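Novice: Predicted model and sequence follow; I will ask about them next.
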Amino acid sequence: MTEQPGDVDPAGENVAGEVPVAEPEAVTDDTTVHDDDVELERTIGLVGGLAIGIGTMIGAGIFVFPGLAASNAGLAATLSFAIGGLIALLVALPTSELATAMPRSGGGYYFISRGMGTAYGAIVGLGLWLGLMFASAFYLVGLGHYASAVFSELGVALPFSPVIGIGLLFGAALTALSIGGTENTAKIQNVVVGILLVVLTGFLSYGVLDAVGVFGGGTVPEQFFSRGYFPVLTTAALVFTSYLGFAQVATVAGEIKQPGRNLPLAMVGSVLIVTVFYVVTIFVATSAFGADRLGQFGETAMVEVARDFLGLPGAVAILGAGLLATFSSANASILSASRAVYALSRDALLPRKASEVNLRYGTPHVALLSAGGPILVLVATGQVELLAEVASFLHLIMYGLMCVALIVFRRRDPEWYTPSYRVPGYPVVPAVGALASFGLIAFMQPASIGIGVVVMLVSYLWYRYYAGDVTLKGDI
Amino acid sequence: MTDRPSILVPIRVLEGESIPEGVPGLLANAHVILLGYHVIPEQTAPGQAQMQFEDRAIERLDEYETILEEAGATVERRLVFTHDGQKTIDRTTTEHDCLAALVPNATGPVEDVLVAVRGAVGIDRLARVVAGLFGETDVSVTLYHVADDEETDEDVETLLDGLVGRLRDSGMDAARIETRVDRDRGALDAIVEAAEEFDTVVMGESDPSLATFVFGLPADQVADRFLGPVLVVQREPPQQTDEPTS
C-alpha cells in the first residue's frame, strides 16, 4: 500500500513524437493505481500464475524433447534437464525479487530497461517478443507432430507429412481465437494444466515402478553417460526452451493479485514442479527403450513409451495430453508476446498503434497479429531444434541481464526499490545465475547463436533509429 | 441531519451504461461512490485498455458526477479497468465501506419505497440506509416482511416495530412508515410482486449458499425482474480482511 516515488521519470520521445506513458503512483495487492483515481485491477491468483508457468513449460519439455534429448545425450539427458532446471531456478529467484519490487506488465524487459537503461531494455524487449515467437513456433511444430501422430494412430495414411500444415492451421486458429476474445481463457488454462498433471502423474508413477522392476520390466541397461560428457551440456542448451514459462509469469506481473507473495511462489514453484516431471519422464522414457530406439521415434517418442507400458489406451491418453500441452504452451506464448508488444509501445519503443485495443472485442488485435503472423513464417521452416535454440538464446540473454539488473538495483539502491521478496545468497545467486545463463549459450549450435545475434543487432539499430531519445532508466 | 449513507453506484462506463433517470433524485442524500469500470478480456492487459480508453471514460464520469452533485449528493469516484467486474465491485464496496450498492434502473420521481426486511441480521445497516436516504424527504416507506412457518405474529411484530422505532429515532416521520406482512409464500416472488407498486426496492444481501451459487443472489434476481432501481444493503464486512488464496 506504500506510495513508491520514482527517482527519474521516463522521458524523451520517439520518431513519431510519442512519449512513454507516465508511471503509476502506487501498487497495492489488488490494483495498480494511477492518478485521478484510475485503477487497474489485479485478477490472476496463485493458481492462475502457476497454470501459466506450468502450462507453458510442460508442453515442450515432456512431449517434444525426450526423443531428441535421449538421442543426443543418452540416459544422461536426465542430467541435462536437471541442469536446465537448476539454471532456471537460479534465474527465477532473482526474477522473483525484481517482480515483487516492480509488479508491472512486461516482465524481464521492464526490469532491465529500468535498471540498465533504454538500450539494454530495447534489445531485451524486442528480443523477448521475437523469442516468444520462436518459442510459439516451436510449440506449434510440436503440436503438428502430435496431430499427425493422431492420424497415423487412426490408420489414415497421408501421402505427405501434415506436420507443418497442421502447425500453420493451429497457429492461425490460435491467433484468430485470441483476437475474437474467447471468454475464460485463464480458466481453460487452469483446467488443461490440471488434467495434464493428473495424466502425467499416473503415467509416470506406473513407468517408474516398471523401470525399477516392480512389474518385472526392470530395464535400465545403459551406462549413464553413454554419449560422453559434452553432449550433456549441449542437450541442456537445447532443452532449455522447456523452462521459458516462468518468465511468462513475469510478463503478466501487473495482473497478479498479492504480487509480493504470489509472484515468487508461482515462478519458483512452477520451475520446481516441472523440473521433477521432466527428470522423471526422461528417466522413464530412456529406461523403457534405451536411448537409441527412443531417438528414432523423434518428437512423438512419448506416445511409443506410453504404448509400451499401457498399450493402446496409454498411447491415446498421451496423444491427447500432448495435443493439449503443446496447444496451451503455444497459446500462452502468443499472449505473452502481445503483452511484450504492449510494454514496448507503452514506453514508446514501438508505435502506440501496436497496442491498440479493438473496440468490438476489446482485444489488442495489432499486437496479436504482429505476433501471430511471423510465427506462421517460422512454423513453415519446420526446424524444431533451431527454433527451440533461438528461443532459448534470446531468453538466456534476458535471464542473464535480469540477474545483472538485480545487482545493479541493489548497488544503486533507489528509494522506491523495496522488494517484499529478497533473493537468498546475494550476490552469489544472481552472479552465478548470470554466468550460467550466458555460459549455456556457448553450447548451442553456431546457427542458433548467429540468428540470435542478428536479432539483437537489429533490435539495437531499431532503438537507435526509432527511440534514441527515450530514457527509461530509474523509474518504477 | 443523519449521516449520509455511502452508496456504491457501479457503471459499465464504456458500454453505454449511464446514470438512469430518477436515480440522481433517489441518491440526493447519499454519499455516492461512483465506480466506473470497464471489463476487458483476458488477452488484453488492463493497462492497454487504460492507455486507449481512459480519457473517454473520465469524460463520461465527469458528466455523471455533475448530475449527481446537482441533485445534492456528495460524490467520490473510481475508474477501474479489470478482467473481473464482480471482484472490482466487491473490492470497492469493502474499501469504501459502502452500506449499499445500487442496481441502477430508471425510475420516475421517487414517492414510495419498498423495504424488504429479512430478519434481525443486518437490520442496523438497513435502517441506516433508509433513514439516511429518505429521512428528510416526503417519501413513504413500506417495511415488508415475508414470514416463514416458524415465525409467530409476535416475532414479526417485534422485528418490524423495532425497525420502525429505529427509523423514528433517526428523525423519520412515523406517519410515512407502513408495515406489511405476508405468509406462506416464496420470499422472492412475493417481493417482486409487491415491488410492482413501488418506485424503488431496498433489500439486504443474503448469505452466499449453494442456491445463490446456482441461481445468483436473490437481490440480483429481484433486480432482474423489477424494473426500477434496487438498493442492495451490503453485509457487514468481515473482521479480518485476509483474502482467501485462489
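Specialist: Looks like it arrived, so ask away. Numbering: from 1, shown residues only, chains lettered A, B, ... in the order given.
Novice: so how many other residues sit close to the residue of chain A found nearest chain B?
Specialist: Closest residue of chain A to chain B, CB to the nearest CB: A:Glu41 (3.5 Å). In this view, the C-beta of every residue, glycine as well, is placed from N, C-alpha and C. A:Glu41 sits with 23 neighbouring residues when counted by other CB atoms under 10 Å in any protein chain shown.
Novice: so it touches B:Ala49, yeah?
Specialist: No: with contact defined as CB atoms under 8 Å, A:Glu41 does not reach B:Ala49; the gap is 10.9 Å.
Novice: hang on, the earlier thing: for beta bridges, what are the partners of the residue of chain A closest to chain B?
Specialist: In this entry, A:Glu41 is beta-bridged to A:Thr31, by DSSP bridges.
Novice: Show me whatever sits in contact with both of A:Glu41 and B:Ala49.
Specialist: Common neighbours of A:Glu41 and B:Ala49 (criterion: CB atoms under 8 Å, 6 or more residues apart in numbering or on different chains): B:Phe81.
Novice: pLDDT score assigned to the residue of chain A closest to chain B?
Specialist: For A:Glu41, the pLDDT comes out at 90.
Novice: I'd like the average pLDDT over stretch B:93-112.
Specialist: 87.
Novice: Buried by neighbour count: which residues of that stretch qualify?
Specialist: B:93, B:96, B:98-105, B:107, B:110 (16 or more other CB atoms under 10 Å in any protein chain shown).
Novice: what do you get for stretch A:200-207?
Specialist: For stretch A:200-207, by 16+ other CB under 10 Å, it's A:200, A:203-204, A:206-207.
Novice: Kindly report the same for stretch A:286-299.
Specialist: For stretch A:286-299, a neighbour-count test (16+ other CB under 10 Å) marks A:286-291, A:293-295, A:297-299 as buried.
Novice: Show only the entries of those residues found in strands.
Specialist: Among those, DSSP state E puts none in strands.
Novice: could I get these as TSV with pLDDT and distance to A:Ala380?
Specialist: Formatted as TSV, the buried residues of stretch A:286-299 follow (pLDDT from 0 to 100; distance: CB to CB, whole Å):
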residue	pLDDT	distance to A:Ala380
A:Thr286	83	32
A:Ser287	81	36
A:Ala288	80	34
A:Phe289	81	31
A:Gly290	80	34
A:Ala291	80	31
A:Arg293	83	30
A:Leu294	84	28
A:Gly295	84	25
A:Phe297	85	24
A:Gly298	83	19
A:Glu299	84	17
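Novice: Distance to A:Ala343 added to those residues, as JSON lines?
Specialist: Output for the buried residues of stretch A:286-299, formatted as JSON lines (distance: CB to CB, whole Å):
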{"residue": "A:Thr286", "distance to A:Ala343": "40"}
{"residue": "A:Ser287", "distance to A:Ala343": "44"}
{"residue": "A:Ala288", "distance to A:Ala343": "44"}
{"residue": "A:Phe289", "distance to A:Ala343": "44"}
{"residue": "A:Gly290", "distance to A:Ala343": "46"}
{"residue": "A:Ala291", "distance to A:Ala343": "42"}
{"residue": "A:Arg293", "distance to A:Ala343": "45"}
{"residue": "A:Leu294", "distance to A:Ala343": "40"}
{"residue": "A:Gly295", "distance to A:Ala343": "40"}
{"residue": "A:Phe297", "distance to A:Ala343": "40"}
{"residue": "A:Gly298", "distance to A:Ala343": "37"}
{"residue": "A:Glu299", "distance to A:Ala343": "32"}
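Novice: Looking at these, which two lie furthest apart in space?
Specialist: The largest separation in the buried residues of stretch A:286-299, counting by CB to CB, is between A:Ser287 and A:Glu299 at 19.7 Å.
Novice: Helix, strand, or coil at A:Leu376?
Specialist: Three-state assignment for A:Leu376 (DSSP: H, G, I helix; E, B strand; the rest coil): helix.
Novice: Revised request: answer the last question for B:Tyr144.
Specialist: strand.
Novice: what about it, how many residues close to it?
Specialist: 24.
Novice: check which helix or strand covers B:Asp149.
Specialist: Per DSSP states H and E: B:Asp149 is located in neither a helix nor a strand.
Novice: which residues touch it?
Specialist: B:Asp184.
Novice: if you go through chain B in chain order, where are the strands?
Specialist: B:6-12, B:31-39, B:74-82, B:100-103, B:112-116, B:140-147, B:177-183, B:200-204, B:230-233.
Novice: Tell me which strands the second one pairs with, and in which orientation.
Specialist: Strand pairing for strand B:31-39, determined by DSSP bridges: strand B:6-12 (parallel), strand B:74-82 (parallel).
Novice: Those strands: which one's closest to B:Val130?
Specialist: strand B:6-12 (11.9 Å).
Novice: Mind listing what's buried along that closest one?
Specialist: By neighbour count on 16+ other CB under 10 Å, the buried set for strand B:6-12 is B:6-11.
Novice: returning to that earlier point: sort out which one of the buried residues of stretch B:93-112 lies nearest A:Val156 for me.
Specialist: Among those, and counting by CB to CB, the member closest to A:Val156 is B:Val103, at 55.3 Å.
Novice: Could you check how far that closest one is from B:Thr200?
Specialist: 10 Å (CB to CB, to the nearest Å).
Novice: before we move on, back to that, export the strands of chain B to TSV and tack on distance to A:Val423?
Specialist: Conversion of the strands of chain B to TSV gives the following (distance: least, CB to CB, whole Å):
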stretch	distance to A:Val423
strand B:6-12	41
strand B:31-39	36
strand B:74-82	31
strand B:100-103	43
strand B:112-116	56
strand B:140-147	60
strand B:177-183	64
strand B:200-204	49
strand B:230-233	46
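Novice: winner for burial among these?
Specialist: strand B:230-233 (a mean of 27; mean count of other CB atoms under 10 Å in any protein chain shown).
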